[in-house]
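Asker: Pasting the sequence and the predicted model now:
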Amino acid sequence: MPELPEVEVSRLGISPHIEGKLITQVRVHDARLRWPVPETVQRVSGQRLEAVTRRAKYLLLKTAVGTLLLHLGMSGKLRVVPNTTSLKKHDHIEIEFEDGQVLRLNDPRRFGALLFCADDVSSHELLARLGPEPLTEAFTADYLFAASRGRKQAIKTFIMDNHVVVGVGNIYANEALFKAGINPKRQAGQVSRARYQKLVPLIKQTLQDAIAQGGTTLRDFTNVDGSPGYFAQQLMVYGRGGKRCMVCQATLKEIRLGQRSTVYCTRCQR
DNA sequence: AAAGACACCTGTCCGC
DNA sequence: TGCGGACAGGTGTCTT
């Protein structure tokens, strides 16, 4: 479900309801996520939620005693509801606040995660080696060009590598490469500086547009308030294999790169 | 070190 | 209508 825009939309959706509030209880209904939810998550009970931030696709819920790391995996969804709302299938976690509102994590496929970190969260093993945030000034064409030198992997898998840059998932990698006119199979190390100068702003723009549209709704993604995201209407290639290119009318090609479905226009993308 | 395959799950959709 | 198989937004881990 979530790429960076969907995670950010989720963050923006939940934070006004829970930031600054006292956590009264953490209820673990089903600890079977990507890793078993540890007992240490209980340490935030009685703590004030100081901030809800994001690093890559991890949501960070900060308290004075430590930080919860929350990942949505492929199918995780967050909602804030009154504690009288009945539980649904695959509701794994509830974090209850002083005003009776509850943050619920629902995750059918269980690739999501909830962990607790008592120390500096940025040096947590899951976060320490991540690349820059795509929407910050640290992510530049010069950086990406330099990082790509000598790399033989396809540019699509390269920009989806979290050690290179975080938050570019399968949808937006397909979309950004289409807009930049770059063939996703092209070796990262043989893409010119000029083309990275085109690509990097398009990655940023694609992600920002998707956030502004409330994310991409495919299948079942909805935002925290239950509304869908509208970015799906703007997808140029993702999910459109075999259909016409919206620019040149050629038939879009669908292949697999790194076991991920990859759609591109053989005429527009070289 | 880098690149690729695999694993972890459930739900949905498609073809027969 | 049922059944098998393929596929789905991610990413840590293992194997080449």
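Answerer: Ah, there it is. Numbering: from 1, shown residues only, chains lettered A, B, ... in the order given.

Asker: how close does the closest residue to DNA strand B within the stretch 1-150 of chain A sit to A:Val37?
Answerer: Residue of the stretch 1-150 of chain A nearest DNA strand B, by CB to the nearest atom of the strand: A:Arg109 (3.2 Å). Placement of C-beta: from N, CA and C, glycine included. As for A:Arg109, its distance to A:Val37 is 15 Å (criterion: CB to CB, to the nearest Å).

Asker: Quick one: neighbours of the residue of the stretch 1-150 of chain A closest to DNA strand B, just the number.
Answerer: 13 (other CB atoms under 10 Å).

Asker: part of a strand, is it?
Answerer: No: counting by DSSP: H, G, I helix; E, B strand; the rest coil, A:Arg109 falls outside a strand, being coil.

Asker: And for it, nearest residue in space, chain neighbours not counted?
Answerer: Nearest residue to A:Arg109, sequence neighbours excluded (CB to CB, 6 or more residues apart in numbering): A:Ser75, at 4.1 Å.

Asker: What parts of the stretch 1-150 of chain A come near DNA strand B?
Answerer: Residues of the stretch 1-150 of chain A lying close to DNA strand B (CB under 7 Å from any atom of the strand) are A:32, A:34, A:74-75, A:89-90, A:108-111, A:150.

Asker: And DNA strand C, is stretch A:3-10 touching that?
Answerer: Yes: against DNA strand C, stretch A:3-10 shows contacts by CB under 7 Å from any atom of the strand at A:3, A:6.

Asker: I'd like the average pLDDT over that stretch.
Answerer: Mean per-residue pLDDT for stretch A:3-10: 94.

Asker: what do you get for stretch A:111-124?
Answerer: For stretch A:111-124, mean pLDDT is 97.

Asker: Tell me the buried residues in it?
Answerer: A:112-117, A:121, A:124 (16 or more other CB atoms under 10 Å).

Asker: what residues are up against whichever residue of the stretch 51-200 of chain A sits closest to DNA strand C?
Answerer: Nearest residue of the stretch 51-200 of chain A to DNA strand C, counting by CB to the nearest atom of the strand: A:Gly169, 2.1 Å away. By CB atoms under 8 Å, 6 or more residues apart in numbering, A:Gly169 lies in contact with A:2-4, A:57, A:160.

Asker: Save those residues as JSON lines, and put in secondary structure too.
Answerer: Shown next, in JSON lines, are the contacts of A:Gly169 (three-state DSSP):
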{"residue": "A:Pro2", "secondary structure": "coil"}
{"residue": "A:Glu3", "secondary structure": "coil"}
{"residue": "A:Leu4", "secondary structure": "helix"}
{"residue": "A:Lys57", "secondary structure": "coil"}
{"residue": "A:Met160", "secondary structure": "coil"}
